[in-house]
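> Curious how this folds, go ahead:
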Amino acid sequence: MKISFKNDYSEGAHPAILQALVNYNDDQQAGYGEDMYSLKAKELIKKKLKSDQSDIYFVSGGTQANLIVISSILKPYQAVISATSGHILNNETGAIEATGHKILGIETADGKLRPSDIIPVLENHRNIPHQVMPKLVYISNSTELGTIYQKKELEELSQFCKENNLYLFMDGARLAQALTSEINDLNFEQLADLTDVFYIGGTKNGALLGEGIVINNPELQQDFAFNIKQKGALLAKGRLLGIQFLELFKDNLYFESGHNANIQAMKIKNFMTEKGIQFLSDTSTNQIFPILENSVIEKLLENFEFYVWQKLDETQSAIRLITSWNTKDYATDKFLEKLNEIL
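The predicted model follows:
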């Protein structure tokens, strides 16, 4: 079997999560997220955020979280601003557009949005009421290109959104990897102050499934549960999500898992850098995009799985390598041994 660096959800779940699900399996609990484990997990996350006023809801996946959040807080004529590399624009089969909301894409080199990127979009949508109204700024941390928002960058973006009456929504599918990056200076608790809504990604960080939506803006909290139910996302066995998030946050498992993914990716990146290999983007998380000769790529694909991300010319392409909470030294060592042999 080939070793996979295709994504960070190839494996099932962290053993501690599986054991917790087994341990509590016979307990009889209330349904629809009113079980003891979900309630405890929500309180624990609020405590770690130092934000009692935040509302938390657990859903099964990232696309589901994105479409529920965006469709529930926007009016029919309001639109979303996103980097063109954003997950909602490229990898969700038009889920947001299917709810009736246009996505206004902005091309950025590193996948991040800054106030200077957004200003032209606002200026080009002044023909009221003939154009959609830009209302929500969608960002990911880490981004689809593996980059992260520094504290100053997020503060500036948050302030800009407040000044321009825009909501700021952070996709946190790989939030653990962003917050444990070696160059990160942003704290988990600061997200409660700097975003209107964000979500905590579990699927790509050791959970069987699940994301935790955190609504910080009180204006957006009212009746949110109705939207979850209407979109088919309110699980009768909500305990399955609550148990997992309780296990992820009761100690430090959530951040330890993200940190391991980063360590393994940086191990590969540092080796490649020493070999003079260039990268499509400069990342510090568990996604790296090295540029290799196509002949090298073909040989690596004999033993490993990964995506060929972008063809650059007739001889070179950028590939995407992703490590996970469960990536072992054995896997990265094998990859580097093979690469060294080919080079």
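
> hey, let's count contacts and neighbours off CA atoms from now on
Will do.

> Got the domain ranges for the chain?
Domains of the chain are assigned by automatic domain parsing as 3-9+254-342, 15-252.

> per-residue confidence averaged over the first one?
Going back to what we said before, that points to domain 3-9+254-342. Average pLDDT, domain 3-9+254-342: 97.

> And that domain, end to end?
17 Å (CA to CA, to the nearest Å).

> Equivalent analysis for the longest one, please.
Its first and final residues considered, domain 15-252 spans 15 Å by CA to CA.

> Centre of the chain to it, how far?
Remark: domain 15-252 is offset 8 Å from the chain centroid, using CA atoms, centre = their mean, to the nearest Å.

> In terms of helix, strand or coil, where does the residue nearest to Asp8 when sequence neighbours are not counted fall?
Nearest residue to Asp8 in three dimensions, chain neighbours excluded: Ser324, at 4.5 Å (CA to CA, 6 or more residues apart in numbering). With DSSP: H, G, I helix; E, B strand; the rest coil as the basis, Ser324 sits in coil.

> Just give me the neighbour total for Ser324.
Using other CA atoms under 10 Å, Ser324 has 28 other residues around it.

> for it, what are its contacts?
Counting by CA atoms under 8 Å, 6 or more residues apart in numbering, Ser324 touches Asn7, Asp8, Tyr9, Lys204, Asn205, Ser257, Gly258, Asn260, Ala261, Asn262, Asn286.

> where does the stretch 101-250 of the chain have low pLDDT?
Scanning the stretch 101-250 of the chain for pLDDT under 70 picks out nothing.

> show me where it has helices.
Assigned helices in the stretch 101-250 of the chain, in chain order: 115-123, 151-163, 175-179, 191-194, 224-230, 239-250 (criterion: DSSP state H, counting those that start in this stretch).

> got a list of contacts for the shortest one?
What that stands for is helix 191-194. Leu49, Ser51, Ser54, Leu154, Glu155, Ser158, Phe198, Asn216.

> what separates Lys42 from Gly172, distance-wise?
In terms of CA to CA, Lys42 sits 16 Å off from Gly172.

> cool, and Leu240?
Taking CA to CA as the measure, Leu240 and Gly172 are separated by 20 Å.

> Please identify which of the contacts of Ser324 is nearest to Leu168.
Closest approach between the contacts of Ser324 and Leu168, by CA to CA: Lys204, at 22.2 Å.

> Looks like the closest one contacts Gly172 (just checking).
No. Contact between Lys204 and Gly172 fails when scored by CA atoms under 8 Å: they sit 9.8 Å apart.

> Between these two, point out the one with more neighbours.
Neighbour tally, Lys204 and Gly172, criterion other CA under 10 Å: the higher count belongs to Lys204, 28 against 24.

> residue nearest the centroid of the protein?
Closest to where the C-alpha atoms of the chain average out (CA atoms, centre = their mean) is Ala173, at 2.1 Å.

> So which residues of the stretch 151-300 of the chain form strands?
In the stretch 151-300 of the chain, the segments counted as strands under DSSP state E, counting those that start in this stretch are 167-171, 197-201, 211-215, 287-288, 291-293.

> for the third one, packing partners?
Contact here means 3 or more CA pairs under 8 Å, 6 or more residues apart in numbering; DSSP states H and E; on that basis strand 211-215 packs against strand 55-59, helix 62-73, strand 197-201.

> do the same with the first one
Counting by 3+ CA pairs under 8 Å, 6+ apart, the packing neighbours recorded for strand 167-171 are strand 133-140, helix 151-163, strand 197-201.

> export the helices of the stretch 101-250 of the chain to CSV and tack on mean neighbour count and distance to Asn66?
Formatted as CSV, the helices of the stretch 101-250 of the chain follow (neighbours: other CA atoms under 10 Å; distance: least, CA to CA, whole Å):
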stretch, mean neighbour count, distance to Asn66
helix 115-123, 13, 20
helix 151-163, 17, 19
helix 175-179, 28, 14
helix 191-194, 20, 17
helix 224-230, 14, 11
helix 239-250, 23, 17
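
> Quick one, which of these gets closest to Thr332.
helix 175-179 (17.5 Å).

> The closest residue to Lys46 other than its chain neighbours: what secondary structure?
Distances taken as CA to CA, 6+ apart place Asp52 nearest to Lys46, at 5.6 Å, with adjacent residues excluded. Assigned by three-state DSSP, the conformation of Asp52 is coil.
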